[in-house]
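> sequence first, predicted model second:
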Amino acid sequence: MVHEGTATVKRGWFGSLANPTRFSALAARTIPWLGGLSAILLAVAAYMAFFVAPPDYQQGDTVRIMFLHVPAAWLSMFAYTLIAGAALGTLVWRHPLADVAARAAAPIGASFTFLALVTGSLWGKPMWGAWWVWDARLTSVLILFLIYLGLIAMWRAIEEPARAARLVAILALVGFVNVPIIKFSVDWWNTLHQPASVFRMGGPTIDSSILIPLLVSAAGFTVLFVTLLLGAMRNEIMRRRIRSLQIRQAGATSSARAS
Amino acid sequence: MTRKQRRLSIIAAAGAVLAVAAGLVLYAFQDTIVFFNTPTDLAEKPSPPGTRLRLGGLVKEGSVVRDQGHEVRFIITDTEHEAPVVYAGILPDLFREGQGVVAEGALREDGTFVADTVLAKHDENYMPREVADALKEKGVWQGGTPTDRNAN
């Protein structure tokens, strides 16, 4: 997959990132800064979540689960959108890093989806009176989680990397149909899950004393996501390099034996 | 047309077909996908007594009556139609008058809905107690009553 030095130079800034070596170097330099920034943001968010944000007028202190649940749910969809974008990059432009990005994003996205499902369940029991219901929102997010697992399994099941990249990209694009369904499920059908509170027509319906800690937390988790993604992409690039070295070595020994 | 453009247009066409297909499937199944029916749905499409369904709406103000034991009677309304509900069991914390609920059970011959599960539905509004009180005072907002667990 990774052809070192073969990336065309004419592509400009974005094209220069297509060179895995240059990308790895850039990632290595930015990861500590991004990691530090996410640590600071998440520390501020945790302080605000526990000590600054007031209890909700109806939910009491249970509302604090939102500071974890909502960013996790947003990132679960953001990560999938990124994978779908990368799938286009793989299929249309044959971008050398597109499949690397998708493959690195999938386990992180799956983790955030799992976190959203678990924290939602912990909130649902005291508030709704049920750990789980099969309404449109919860079911579509569970399907998202299963799609993530399907993508990861498919990458691992197909031996040849280029073939795996193409087939997984097609599956990822098909699965993208679920993302708008998740977003609009609460508007299209009666659900137990509440409708959108932040990204909605007419502005947020969350009081600023609760909204600001939520946005800080979302920013912290987003920077954390980017940090983890860059790290995972570096690892994936190295893994592919090791693989191609092993193949070259195996080829060398077998041809030496043959002669 | 370059090869890239051709690939992109194939994907766009496939995506459009997929989106239409998904839309048609979801449209066809919309009666199954909805989590609950409103009292208006019930009035328009009456289902025979004994059919299991979920009934959702607001608990009508002043309608909650607690019988001996732990049986609770209340009325679910969607402001157009109403349905009487009877339930024996533990109610969720958020259950109160004016609040959204979803009751799971079946209709009895006399038109009363006998619930075996009652779930509270939370709305999209989040605010501290003082803000809720202030908004109420100004009459801007008429939402649910602030938590007062002693009264429940």
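Sure thing, it's come through.
> CA atoms for contacts and neighbours, from now on please.
Will do.
> domain assignment for chain B?
Domain segmentation of chain B under automatic domain parsing yields B:1-32, B:35-138.
> would you turn the ones you listed into a markdown table with mean pLDDT, mean neighbour count and distance to A:Val52?
Putting the domains of chain B into a markdown table (pLDDT from 0 to 100; neighbours: other CA atoms under 10 Å in any protein chain shown; distance: least, CA to CA, whole Å) gives the following:
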| stretch | mean pLDDT | mean neighbour count | distance to A:Val52 |
| --- | --- | --- | --- |
| domain B:1-32 | 91 | 13 | 42 |
| domain B:35-138 | 87 | 18 | 11 |
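> closest to chain A out of these?
When the domains of chain B are compared by CA to the nearest CA, domain B:35-138 sits nearest chain A, at 4.1 Å.
> can you give me how far that closest one is from the chain middle?
Relative to its chain's centre, domain B:35-138 lies at 8 Å (CA atoms, centre = their mean, to the nearest Å).
> and what of stretch A:243-256?
Offset of stretch A:243-256 from its chain centre (CA atoms, centre = their mean): 35 Å.
> longest helix in chain A, by residue count?
helix A:208-258 (DSSP state H).
> can you confirm whether it lies near chain B?
Yes - Helix A:208-258 is in contact with chain B by CA under 8 Å from any CA of the partner chain, via A:209-210.
> what residues does chain A have near chain B?
A:54-60, A:91-93, A:126-130, A:134-136, A:173-174, A:177, A:189-197, A:205-207, A:209-210.
> show me which of the residues you listed are buried.
The neighbour-count test (16 or more other CA atoms under 10 Å in any protein chain shown) marks A:54-59, A:91-93, A:126-130, A:135-136, A:173-174, A:189-193, A:195-197, A:205-207, A:209-210 as buried among these.
> mind checking which of those land in helices?
Per DSSP H, the subset of those in helices is A:126-127, A:136, A:173-174, A:209-210.
> which members of the residues you listed are the farthest-apart pair?
Greatest spatial distance among those (CA to CA): A:Val174 and A:Ser209, at 39.6 Å.
> residue closest to the middle of chain B?
B:Gly56 (3.9 Å; CA atoms, centre = their mean).
> what secondary structure does that residue sit in?
strand (DSSP: H, G, I helix; E, B strand; the rest coil).
> now do the same contact list for it.
B:Gly56 is in contact with B:36-39, B:76, B:100-103, counting by CA atoms under 8 Å, 6 or more residues apart in numbering or on different chains.
> quick one: the strands in chain B?
Counting by DSSP state E, chain B has strands at residues B:52-59, B:65-66, B:71-77, B:82-88, B:100-107, B:113-121.
> let me fix that: the stretch 1-150 of chain A
Taking DSSP state E, counting those that start in this stretch as the criterion, the stretch 1-150 of chain A contains no strands.
> where does the prediction get shaky in it?
Residue ranges of the stretch 1-150 of chain A with pLDDT under 70: A:1-16.
> for A:Trp123, what are its contacts?
A:62, A:65, A:131.
> cool, A:Thr81 as well?
A:176, A:179.
> could you report the separation of it from chain B?
14 Å (CA to the nearest CA, to the nearest Å).
> B:Leu94 and A:Gln58 touch, don't they?
Yes - counting by CA atoms under 8 Å, B:Leu94 does reach A:Gln58; the two are 7.1 Å apart.
> hang on, A:Gly203 in a helix?
No - assigned with three-state DSSP, A:Gly203 falls outside any helix and is coil.
> could you report the pLDDT at it?
Looking at A:Gly203, its pLDDT stands at 85.
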